[in-house]
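Asks: no sequence for this one, just the structure:
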């Protein structure tokens, strides 16, 4: 089981309306990184994170991982030419 007790609001994180764009940018960066590392299996990784966060009732983390999953779904659905790789 993963220990999420260290999750806290950092002082350098934006507040208010900037938080949504900050979270979306982080979700995009995480999705891009997961696809580079895991390829097509990146979606499965996000589903495991979502399940763990739901078990631990970490609603903010669930929202983040849902954003990551949505971004991965979009990136993996994009039309590519033969031989192209997802990066």
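Replies: In hand now; what should we look at? These numbers were taken from a predicted model, which means no experiment stands behind them. Numbers count the residues shown, from 1 in each chain.

Asks: which residue ranges form the helices in the protein?
Replies: 18-38, 42-55, 59-77 (DSSP state H).

Asks: Format those as a markdown table; extra columns: mean neighbour count and mean pLDDT.
Replies: All C-beta atoms are positioned from the backbone trio N, CA, C, and that covers glycine. Putting the helices of the chain into a markdown table (neighbours: other CB atoms under 10 Å; pLDDT from 0 to 100) gives the following:
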| stretch | mean neighbour count | mean pLDDT |
| --- | --- | --- |
| helix 18-38 | 15 | 81 |
| helix 42-55 | 16 | 94 |
| helix 59-77 | 16 | 92 |
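
Asks: Spatially, and excluding backbone neighbours, which residue is closest to residue 31.
Replies: Leaving aside its chain neighbours, residue 31 sits nearest to residue 71 (3.7 Å; criterion: CB to CB, 6 or more residues apart in numbering).

Asks: got it, and residue 46?
Replies: Leaving aside its sequence neighbours, residue 46 sits nearest to residue 69 (CB to CB, 6+ apart; 4.3 Å).

Asks: who's in contact with that neighbour?
Replies: Residues in contact with residue 69 (CB atoms under 8 Å, 6 or more residues apart in numbering) are 43, 46-47, 50.

Asks: ok, those vs residue 61, which is closest?
Replies: Proximity of the contacts of residue 69 to residue 61 (CB to CB) peaks at residue 50, which lies at 8.6 Å.

Asks: pretty sure that closest one is touching residue 64, no?
Replies: No - look at residue 50 against residue 64 with CB atoms under 8 Å: they stay out of range, at 9.4 Å.

Asks: Adding distance to residue 28 as columns, could you present the contacts of residue 69 in JSON lines?
Replies: Shown next, in JSON lines, are those (distance: CB to CB, whole Å):
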{"residue": "43", "distance to residue 28": "15"}
{"residue": "46", "distance to residue 28": "13"}
{"residue": "47", "distance to residue 28": "18"}
{"residue": "50", "distance to residue 28": "17"}
